[in-house]
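K.L.:
Need a 3D model of the following:
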Amino acid sequence: MMHLHEPIIVNVSFPDQESAIQISKYLLENKLVACAQISPIESYYTWQGNFESCKEYKASFKTVHQFWPKIEPIILQKHPYEVPEILAVPIIEVTQSYLEWMLAELGLSGKDIDV
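P.N.:
Numbering: from 1, shown residues only. From the prediction side, this is the model:
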(Lines give C-alpha, C1' and ligand atoms only; values in the text may rest on other atoms or scores of the structure.)
Protein backbone atom coordinates (compact mmCIF):
# COMPACT_ATOMS: atom_id res chain seq x y z
CA MET A 1 0.00 0.00 0.00
CA MET A 2 1.47 3.33 -1.07
CA HIS A 3 1.26 6.16 1.43
CA LEU A 4 0.74 9.75 0.38
CA HIS A 5 4.19 10.62 1.71
CA GLU A 6 6.05 7.43 0.73
CA PRO A 7 9.73 7.97 1.61
CA ILE A 8 12.33 7.41 -1.10
CA ILE A 9 16.06 7.84 -1.58
CA VAL A 10 17.22 9.45 -4.82
CA ASN A 11 20.77 8.41 -5.70
CA VAL A 12 22.73 10.53 -8.17
CA SER A 13 26.36 10.29 -9.26
CA PHE A 14 28.37 13.44 -10.02
CA PRO A 15 31.75 14.08 -11.67
CA ASP A 16 32.91 16.31 -8.81
CA GLN A 17 32.04 17.33 -5.27
CA GLU A 18 31.18 20.91 -6.26
CA SER A 19 28.32 19.94 -8.60
CA ALA A 20 26.99 17.48 -6.01
CA ILE A 21 27.00 20.20 -3.35
CA GLN A 22 25.44 22.79 -5.69
CA ILE A 23 22.46 20.59 -6.57
CA SER A 24 22.13 19.37 -2.97
CA LYS A 25 21.92 22.93 -1.67
CA TYR A 26 19.33 23.84 -4.31
CA LEU A 27 17.12 20.87 -3.43
CA LEU A 28 17.49 21.52 0.31
CA GLU A 29 16.77 25.25 0.02
CA ASN A 30 13.64 24.49 -2.01
CA LYS A 31 12.43 21.93 0.56
CA LEU A 32 12.43 19.10 -2.00
CA VAL A 33 14.75 16.90 0.07
CA ALA A 34 15.15 16.60 3.83
CA CYS A 35 18.74 15.40 3.75
CA ALA A 36 21.61 15.05 1.29
CA GLN A 37 24.62 12.82 1.87
CA ILE A 38 27.64 13.07 -0.44
CA SER A 39 30.34 10.40 -0.62
CA PRO A 40 33.31 9.75 -2.91
CA ILE A 41 32.95 6.61 -5.06
CA GLU A 42 34.77 4.81 -7.85
CA SER A 43 32.63 3.84 -10.85
CA TYR A 44 33.17 1.24 -13.57
CA TYR A 45 30.93 1.17 -16.65
CA THR A 46 30.84 1.10 -20.44
CA TRP A 47 30.19 4.31 -22.35
CA GLN A 48 29.84 4.42 -26.13
CA GLY A 49 31.39 0.97 -26.39
CA ASN A 50 34.41 1.67 -24.19
CA PHE A 51 35.21 0.44 -20.69
CA GLU A 52 35.48 3.41 -18.35
CA SER A 53 36.40 3.98 -14.73
CA CYS A 54 36.44 7.22 -12.83
CA LYS A 55 36.25 8.80 -9.42
CA GLU A 56 32.86 10.36 -8.78
CA TYR A 57 30.67 11.59 -5.95
CA LYS A 58 27.39 9.97 -5.04
CA ALA A 59 24.60 12.02 -3.50
CA SER A 60 21.78 10.28 -1.66
CA PHE A 61 18.73 12.47 -1.17
CA LYS A 62 16.05 11.59 1.40
CA THR A 63 12.64 12.74 0.22
CA VAL A 64 9.12 11.53 -0.59
CA HIS A 65 7.79 10.01 -3.79
CA GLN A 66 5.37 12.85 -4.45
CA PHE A 67 8.35 15.22 -4.96
CA TRP A 68 9.99 12.99 -7.61
CA PRO A 69 8.26 14.79 -10.54
CA LYS A 70 9.86 18.05 -9.35
CA ILE A 71 13.28 16.64 -8.42
CA GLU A 72 14.05 14.71 -11.61
CA PRO A 73 13.81 17.64 -14.08
CA ILE A 74 15.84 19.90 -11.75
CA ILE A 75 18.67 17.37 -11.58
CA LEU A 76 18.53 16.77 -15.34
CA GLN A 77 18.70 20.51 -16.03
CA LYS A 78 21.54 21.28 -13.61
CA HIS A 79 23.61 18.09 -13.92
CA PRO A 80 26.87 18.26 -15.93
CA TYR A 81 26.57 14.72 -17.38
CA GLU A 82 24.85 14.02 -20.70
CA VAL A 83 23.19 10.91 -19.18
CA PRO A 84 23.26 11.22 -15.38
CA GLU A 85 22.49 8.32 -13.11
CA ILE A 86 19.31 9.26 -11.23
CA LEU A 87 17.72 6.40 -9.30
CA ALA A 88 14.69 6.67 -7.02
CA VAL A 89 14.56 3.80 -4.52
CA PRO A 90 11.71 3.15 -2.10
CA ILE A 91 12.52 3.05 1.60
CA ILE A 92 11.03 -0.24 2.79
CA GLU A 93 11.32 0.43 6.50
CA VAL A 94 11.99 3.62 8.45
CA THR A 95 11.63 4.62 12.08
CA GLN A 96 8.58 6.69 12.86
CA SER A 97 10.67 9.47 14.40
CA TYR A 98 12.95 9.78 11.32
CA LEU A 99 9.96 9.81 8.96
CA GLU A 100 8.26 12.51 11.03
CA TRP A 101 11.49 14.55 10.97
CA MET A 102 11.74 14.13 7.17
CA LEU A 103 8.16 15.21 6.64
CA ALA A 104 8.58 18.23 8.92
CA GLU A 105 11.70 19.31 7.00
CA LEU A 106 9.76 18.98 3.75
CA GLY A 107 6.88 21.05 5.09
CA LEU A 108 4.52 18.06 5.16
CA SER A 109 2.35 16.69 7.93
CA GLY A 110 3.40 13.50 9.66
CA LYS A 111 -0.10 12.88 10.93
CA ASP A 112 -1.88 9.74 9.79
CA ILE A 113 1.39 8.10 8.78
CA ASP A 114 1.66 4.44 9.64
CA VAL A 115 5.05 2.82 9.28
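K.L.:
After the helix or strand where residue 56 lies, which helix or strand is next? Please name it.
P.N.:
Here residue 56 sits within strand 50-64, counting by DSSP states H and E. As assigned by DSSP H and E, the chain's next helix or strand after strand 50-64 is helix 68-78.
K.L.:
coming back round to it: the strand holding residue 56 versus helix 68-78: what angle between them?
P.N.:
Strand 50-64 and helix 68-78 meet at an angle of 140 degrees, taking axes from the mean of the first three to the mean of the last three C-alpha atoms, to 10 degrees as the criterion.
K.L.:
so what's residue 7 closest to, chain neighbours aside?
P.N.:
Leaving aside its sequence neighbours, residue 7 sits nearest to residue 91 (C-beta to C-beta, 6 or more residues apart in numbering; 4.2 Å). For the C-beta atoms, the positions are set from N, CA and C on the backbone; glycine is no exception.
K.L.:
Which elements pack onto the strand holding residue 56?
P.N.:
strand 7-14, helix 17-29, strand 35-47, helix 96-105 (3 or more C-beta pairs under 8 Å, 6 or more residues apart in numbering; DSSP states H and E).
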